[in-house]
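Asks: What shape does this take:
(one chain, ligands or ions: 1)
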Amino acid sequence: MIEYTSLKSNYNLYGSEYEAAALRVLRSGWYILGPELETFERSFASYLGVKHCIGVNSGTDALILAVRALGIGVGDEVIVPASTYIASVLGVTENGAKPVYVDSKDDTLLIDCSKIEAAITKHTKAIIPVHLYGQACDMDAILSIAEKYGLYILEDCAQCHGAKWKGCLTGTQGTLAAFSFYPTKPLGALGDAGAIVTNNDELADKLRMLRNYGSRLKYHNESIGRNSRLDEIQAAVLSVGLEHLDECNAIRQSIAEKYMNGITNKRVRLPYIESAATHVFHLFPLIVDDQKHFQKYLEAKGIKTQIHYPIPPYVAECYAEQGHMWEDYPVASYIAQHEVSLPVYNGMKSNDVDAVITAVNEY
Ligand SMILES: *Cc1c(COP(=O)(O)O)cnc(C)c1O
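Replies: Numbering: from 1, shown residues only. I've put the predicted structure just below:
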């Protein structure tokens, strides 16, 4: 059986380093808001080349707090891609603001920047580009629209740690960027974790307050905050992961390259990578005519796959009152019904990669 992903084989690559880091924290007697978090925040900010990194307890919280820090709430609108994981939208709706969806581009499967302007109204406050699957969005287009209309940019960087647009790392060009360190993500903790990065001192200061009960000074709660901190064990583990991030991205990129060169079956469409973008292949999305049939076929050959994402946010049950239909965003709906992700993970055996290629070509 070829698993879709294997956190264990990823762990085993650096197991002794992870264990030493976790044990160091367990024995230190300091578990929340301590030196490990400060070290990780400093190193991640420096990896990206930004001024501030604020650790929080998940990517979802990073999005929620980022939207809140921008002062966006009831009566405001935020542009989001129609095709994304629902957490990108939860950041908006958790603050009482309205998500305004923009359909995807047929080739990259990312937000179609040529359709953003038509979605802007006088209530629009921000754009959330999502560098989905691990490929950078067209940041030139997004920056120029944001500038023209005076909008904030909140990058959703849950899947793209280390990916670049024209040499600029994703997460460095927006007003704010939200990262997830969910274990499967390109930089993953061994539990839940996330962070927000920014070059803006004031926003950074506000976010540090919001993640800690809305208080800068103990027992002085100036804002209705949350308890959303990145704990010391996860921070220590993430410092290990960060040292290996580029190397891990390169491992997945070489698997993806094998797929790109080896898969020749005309019945499947390979990922399209914009020439200005890099792709870190958090996922390897294929487009196929018969999604369910293709999945069953591979399953019968012992190959597990996944669909990203079968139910787009605009038709999610929890958002039924927004009143959207599948037909509203035809490209995003097409992706939801035709995408199948192949296995791509650190520690995946070379034989397994070959077996996937053979099976796909024989489909
Ligand atoms: C994983 C993910 C999130 C949420 O991150 P969590 O750490 O799981 O809360 C947000 N947006 C996208 C695109 C994601 O893939």
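Asks: Would you mind finding the longest helix in this structure?
Replies: Secondary structure of the chain read by DSSP state H shows that its longest helix is helix 245-262.
Asks: Just the mean pLDDT for that one, thanks.
Replies: In this model, helix 245-262 has an average pLDDT of 98.
Asks: Which strands border the helix or strand following it, and is each parallel or antiparallel?
Replies: Using DSSP states H and E, the helix or strand that follows helix 245-262 in sequence is strand 268-269. Under the criterion DSSP bridges, strand 268-269 sits next to strand 284-288 (antiparallel) in its sheet.
Asks: how far is the next helix or strand after the partner strand from where the chain is centred?
Replies: Elements were assigned by DSSP H and E; along the chain past strand 284-288, the next helix or strand is helix 291-300. Put simply, helix 291-300 sits 26 Å off its chain's centre (CA atoms, centre = their mean, to the nearest Å).
Asks: for stretch 257-269, same thing?
Replies: Mean-position distance between stretch 257-269 and its chain equals 25 Å (CA atoms, centre = their mean).
Asks: where exactly do the strands run in the stretch 201-350 of the chain?
Replies: Under the criterion DSSP state E, counting those that start in this stretch, the stretch 201-350 of the chain contains strands at 215-217, 220-221, 268-269, 284-288, 339-342.
Asks: could I have the longest one exported to CSV, CA atoms only?
Replies: Once non-C-alpha atoms are left out, strand 284-288 reads as follows in CSV (Å, rounded to 0.1, in the frame of the first residue of the first chain):
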residue,chain,number,x,y,z
PHE,A,284,0.4,17.5,-6.2
PRO,A,285,-3.0,18.2,-7.8
LEU,A,286,-4.1,16.5,-11.0
ILE,A,287,-7.2,17.3,-13.0
VAL,A,288,-9.0,14.2,-14.3
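Asks: Within range of the ligand, give me the residues from the stretch 151-300 of the chain.
Replies: Taking CB under 6 Å from any ligand atom as the measure of proximity, the stretch 151-300 of the chain contacts the ligand at D156, A158, Q159, S180, Y182, D192, G194. Any C-beta I mention is one placed from the backbone N, CA and C, and that applies to glycine too.
Asks: one more time with 8 Å
Replies: For the stretch 151-300 of the chain, the contact set with the ligand under CB under 8 Å from any ligand atom comprises D156, A158, Q159, A178, S180, F181, Y182, K185, D192, A193, G194, H282.
Asks: In strands, which of those residues fall?
Replies: D156, A178, S180, G194 (DSSP state E).
Asks: for Y345, what are its contacts?
Replies: T5, S6, S9, N10, R252 (CB atoms under 8 Å, 6 or more residues apart in numbering).
Asks: buried subset of those?
Replies: T5, S6, N10, R252 (16 or more other CB atoms under 10 Å).
Asks: ok, and the closest non-adjacent residue to the first one?
Replies: Yep, that's T5 we're talking about. Nearest residue to T5, sequence neighbours excluded (CB to CB, 6 or more residues apart in numbering): Y345, at 4.6 Å.
Asks: What about the nearest residue to H131 once chain neighbours are set aside? Give its phi and psi, please.
Replies: In this structure, H131 finds its nearest non-sequential neighbour in C160, 3.6 Å apart by CB to CB, 6+ apart. The phi/psi pair for C160 (degrees, to the nearest 10) reads phi -130, psi 20.
Asks: quick one: contacts for C160?
Replies: C160 touches H131, L132, G134, Q135, A136, T170, G171, P186, V280, H282, counting by CB under 8 Å, 6+ apart.
Asks: Read off the pLDDT value for E222.
Replies: For E222, pLDDT reads 87.
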